[in-house]
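**Q** The amino acid sequence is not available; the structure is as follows:
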C-alpha cells in the first residue's frame, strides 16, 4: 500500500494508504468518526482533498481499496470495467475529472457512454471534492431510464414509491394507505410494502393482493413486497405474482454476507423474476436499497469510509439492471449520519454517485427520531434532489411510517416538488391519473369532495365491511 | 382571510377520512392546494416532539427488577460500555459490549448452562420496556415451558444494543438467546418492543444469524401472537441447529392479513362475472 503525502506550508500530511486518503478527504460524518478513520482536523481534511485531487483516476484500477482476492465486489468492479468507455477521462486526475463533469463536455450522451468505464471508487473520490451545487448539477446531466410497466427516469419526471406499510400487515389498513396514495397521485415507481415479518405465506398473500389491485384499477405500475431475496424466490416457486425482486445490498462481500446474500444469490433472484415475464414495457425486475453505514454496521468496512463503500454497492446494483435503486439515507441513525446537514449531503452524494455509474437512483429522504433532524432538513434535501433529477422518492401518508418507525416523504411532499419544479409523473401513470380524474399536470389534484368515478364504490364497500364486522359476534 | 367560511373554502377535506378507523397511518389529511393543512402540520410537530422525548427517557430499573425477580430464579442488572444516552447514540459499538463491572458480575456466577438466556434491554425506547416487557414475558414464559425448555437468569441491561445479548448468553452457557429491546420510537408508536432470537449466542454473531419479531405492543403484534411466534422459532432452531435467514418464518401464526381480500374494500368480490 503506497503512502500519500502533501505539504501544506511547513506541515507534511501523510496518509498510509489510498483508502486512508479517501477517508480523510470525506466531508465530516459521524460514521467515519465512529470507525476511527475520519480526518483528525479540518485542515487535514482539506489537505487530503488537495492530495486526492492530484491523484490520477487510473490509480483506482491499479490499486484496489479491498484486495481482488478477498472480495467478490472488487472482482466484479474490475472484471466489468470497460477500458474503451473509460478512454475519454483516462488521462485525468480526480480534480480534473471534477472540472470535466461540470464542463460542457459532460452531457447526457457522453455520461451514458462513460458510465461503464467508471468505477465506484472514482466517482466517490470526485464527489469528495464537490460542493452541493456540483453534486446537483452533474447528476442532473445524467440520463438513466428503466422500464417494467411504465417508464422511469425521463427528464422532467418525478416518480414515487407508494409505501402502504402496516405494522400487522392488516389488509384493510394497507388498502386504506394505498387508496390515500393513489388519490394523492402517488405510486408510479412501485407500490411497495415492507411486510411486518418475513413469513413466506404472508409475502405470497400480499403479492396476490397487490397484483389484484393493480389489475382491477388498471394502474400502469408494478408491485413489490420488500422481503429477503430467498423469501422472494420461495414465493415465486409457490406461484406468487411477483413483479420486482427486492434486496438490501452493500459494497463489500462481507457486508453482503451479513445480509445473507452474495452475487450468485442475487443472480438467482433476478432469473426467478425474469422467468415470470410480467413486464410489459421492459425487463428491469430488481429493486435494491442501500445506505451509508451498512458495511460498518456489519463490521465489514475494511477501514474504508462509508461513502466510498456506498458507491461500491451501486456496482452491485448495476450488474443486475434494476428498475429502482434508492439510498435510505437517514434510516440507519445518528451514529452514521448525525444530523440534517450530514443527511442532506449524503443523500446528494449517493444520488450523484449512483447516476454517474448508470444506476436508476431514487432516494428515501428520511430521518429517525433519534437523529438531530426534522422536517425542515427533509424539505431541503427533497428540493435539492428534485433539482438534481432524482428518479423517485417515497410516498407515505403524512410522512409517518407506522411499521418501520421513521419519517420519510409524504404524498403531499411529492405534490409540492411537482408544483415548485414543474415535474410530472411517469408518462403512462400520468395518463392514468388524468383519465381517472385524479391529477392534472400544472393544476394539481383534480377533484375535491367527490371521489373519481373509478373509486366511487370503495367507500361504500369499506362501510359495508365495517358494518359487517360489527354485526359479527 | 376572515372567519370559518373562508377557511373551509381553501381547505379540502378528504371524503375517505373515516377510513382512519382502519389504520394508524396519517391518511385523509386533506390539503390546501397540494400542501398539508395547518392542523395536520402542527399535530405532526407535536408527535415528533414526543418521540424525541421518548428517546431520552431513562430505564426505570427500580420498578422492573422486583418484577423480574418474581418471575426468574435470578435477575441480573447489567450495563453496557456506553456511559449515557449521548454516548449511546454516537457509539453503537459500546452499546453492544458489557461494562467491566457487568462482565465481572457474570464471571462470578457459578459455571453452568441453560436453554434460554433472556435479556431485557432499554434500546431506543425505555417506554417500550416499561409497558410491554413484563406482559410479554407473562405470555412467553408458559410457551417456553411447554417446549420443555428452562430459562436461565434474566438480565436487565441499560444503554444496550441487540448484540449485547451475545456475550451475556455466552457467559450463561445458553443454547439460545432472546433479547427484548425498545425499538426506535415512531411518531405513532413510541412504545414498540422488538425481540431478537439467536441460536448459540456468542460475541461476533451476525445480524443474518438472528430472527426478529417486531412491533410487539397492544396496537401492534399482540403478546400472545408474539409468544407463539417465538415458540415456533425455538422449535425450528432446535431442529436446524441455527437461527437467522436459514430459519424461514413459515409459521401459521394468524395475522390480520387473512387472505388479503377479506376486509379489503379495494377488492370486493366481483359479482356477475362470467
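**A** Okay, I see it. Since the structure is predicted, the reported quantities are computational estimates derived from the model, not experimental observations.
**Q** CA atoms for contacts and neighbours, from now on please.
**A** Noted.
**Q** How far does stretch A:253-273 stretch from one end to the other?
**A** 23 Å (CA to CA, to the nearest Å).
**Q** So what's the model's average confidence on it?
**A** Averaged over stretch A:253-273, pLDDT sits at 96.
**Q** quick one: buried residues of it?
**A** A:253-263, A:266, A:269-270, A:272-273 (16 or more other CA atoms under 10 Å in any protein chain shown).
**Q** Give me the pLDDT for residue 122.
**A** In the absence of a named chain, this looks at chain A. Looking at residue A:122, its pLDDT is 98.
**Q** other chain: chain B
**A** pLDDT recorded at residue B:122 is 96.
**Q** OK, contacts around it?
**A** By CA atoms under 8 Å, 6 or more residues apart in numbering or on different chains, the contact list for residue B:122 reads B:59, B:128, B:129, B:157, B:158, B:159, B:160, B:181, B:182.
**Q** If you rank those by neighbours, which is first?
**A** residue B:182 (32 neighbours; other CA atoms under 10 Å in any protein chain shown).
**Q** Quick check: beta-bridge partners of that one?
**A** residue B:193 (DSSP bridges).
**Q** Verify the contact between it and residue B:192 for me.
**A** Yes. When contacts are counted by CA atoms under 8 Å, residue B:182 is listed as touching residue B:192 (6.3 Å).
**Q** hang on, the earlier thing: out of the buried residues of stretch A:253-273, which touch chain B?
**A** When contact is defined as CA under 8 Å from any CA of the partner chain, these meet chain B at A:257, A:258, A:259, A:260.
**Q** Point out the ones among these that are inside helices.
**A** Judged by DSSP state H, helices contain the following of those: A:257, A:258.
**Q** circling back to that earlier point, who touches both of residue B:182 and residue B:192?
**A** By CA under 8 Å, 6+ apart, residue B:182 and residue B:192 have these common neighbours: B:125, B:128.
**Q** which element is residue A:289 on?
**A** Here residue A:289 sits within strand A:286-290, counting by DSSP states H and E.
**Q** and the stretch 1-150 of chain A, which residues reach chain B?
**A** A:30, A:34.
**Q** Nearest to chain B: which residue in the stretch 1-150 of chain A?
**A** Per CA to the nearest CA, the residue of the stretch 1-150 of chain A with the smallest distance to chain B is residue A:34, at 6.6 Å.
**Q** got a list of what the closest residue to that residue other than its chain neighbours touches?
**A** Excluding its sequence neighbours, the residue lying closest to residue A:34 (CA to CA, 6 or more residues apart in numbering or on different chains) is residue B:91, at 6.6 Å. Going by CA under 8 Å, 6+ apart, residue B:91 touches A:34, A:335, B:82.
**Q** got the residues you listed as a markdown table, with secondary structure columns?
**A** Shown next, in a markdown table, are these (DSSP: H, G, I helix; E, B strand; the rest coil):
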| residue | secondary structure |
| --- | --- |
| A:34 | helix |
| A:335 | coil |
| B:82 | coil |
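**Q** Tell me the one of these nearest residue A:166?
**A** When the contacts of residue B:91 are compared for distance to residue A:166 (CA to CA), residue A:335 wins out at 27.0 Å.
**Q** number of nearby residues for that closest one?
**A** Count around residue A:335 with other CA under 10 Å applied: 24.
**Q** Looking at per-residue confidence, what score does the nearest residue to it once chain neighbours are set aside get?
**A** Distances taken as CA to CA, 6+ apart place residue B:90 nearest to residue A:335, at 4.5 Å, with adjacent residues excluded. Looking at residue B:90, its pLDDT reads 89.
**Q** Could you do residue B:204 as well?
**A** 89.
**Q** residues contacting it?
**A** Applying CA under 8 Å, 6+ apart to residue B:204 gives the contacts residue B:166.
**Q** With residue A:246 instead?
**A** Counting by CA under 8 Å, 6+ apart, residue A:246 touches A:224, A:225, A:226, A:227, A:228, A:229, A:232, A:286, A:287, A:288, A:289.
**Q** Let's see that with 7 Å instead.
**A** By CA atoms under 7 Å, 6 or more residues apart in numbering or on different chains, residue A:246 lies in contact with A:226, A:227, A:228, A:229, A:286, A:287, A:288.
**Q** Within the helices and strands, which one has the residue of the stretch 101-250 of chain B found nearest chain A?
**A** Closest residue of the stretch 101-250 of chain B to chain A, CA to the nearest CA: residue B:186 (3.9 Å). Using DSSP H and E, residue B:186 sits within no helix or strand.
**Q** what are the phi and psi angles of it?
**A** When read as degrees, to the nearest 10, the backbone of residue B:186 gives phi -90, psi 170.
**Q** before we move on, back to that, check whether the residue nearest to residue A:335 really touches residue A:337, as I assumed.
**A** No. Counting by CA atoms under 7 Å, residue A:337 is not a contact partner of residue B:90; they are 9.6 Å apart.
**Q** Counting neighbours around each, name which of the two comes out higher.
**A** Neighbours around residue B:90 and residue A:337, counted as other CA under 10 Å, are more numerous at residue A:337. The numbers are 28 against 22.
**Q** Give me the distance between that one and residue B:92.
**A** 13 Å.
**Q** Hmm, residue A:68 is touching residue A:74, no?
**A** Yes. Counting by CA under 7 Å, residue A:68 does reach residue A:74; the two are 5.4 Å apart.
**Q** What separation is there between residue A:272 and residue A:284?
**A** Separation of residue A:272 from residue A:284 (CA to CA) stands at 13 Å.
**Q** what does residue A:28 give?
**A** Using CA to CA, residue A:28 is found at 36 Å from residue A:284.
**Q** Tell me how the chain divides into domains.
**A** Just so you know, I chose chain A. Chain A breaks down by automatic domain parsing into domains covering A:1-54, A:146-445.
**Q** that's the other chain; I wanted chain B
**A** What automatic domain parsing lists as the domains of chain B is B:3-55, B:61-240.
**Q** Out of those, which gets the lowest mean score?
**A** Looking at those, the lowest mean pLDDT belongs to domain B:3-55 (a mean of 90).
**Q** what does the stretch 101-250 of chain B have sitting close to chain A?
**A** Counting by CA under 7 Å from any CA of the partner chain, the stretch 101-250 of chain B comes close to chain A at B:184-188, B:206-208, B:215, B:220-221, B:245, B:249-250.
**Q** For the stretch 351-473 of chain A, just list every one of the helices.
**A** Counting by DSSP state H, counting those that start in this stretch, the stretch 351-473 of chain A has these helices, from start to end: A:375-388, A:411-421, A:427-436, A:456-471.
**Q** most packed of the ones you listed?
**A** Comparing these by mean neighbour count (mean count of other CA atoms under 10 Å in any protein chain shown), helix A:411-421 comes out on top with a mean of 21.
**Q** wait, does it make contact with chain B?
**A** Yes. With CA under 7 Å from any CA as the measure, helix A:411-421 is seen reaching chain B through A:412, A:415, A:416.
**Q** I'd assumed residue B:118 was in contact with residue B:150.
**A** No. Between residue B:150 and residue B:118 there is no contact under CA under 7 Å: 10.7 Å.
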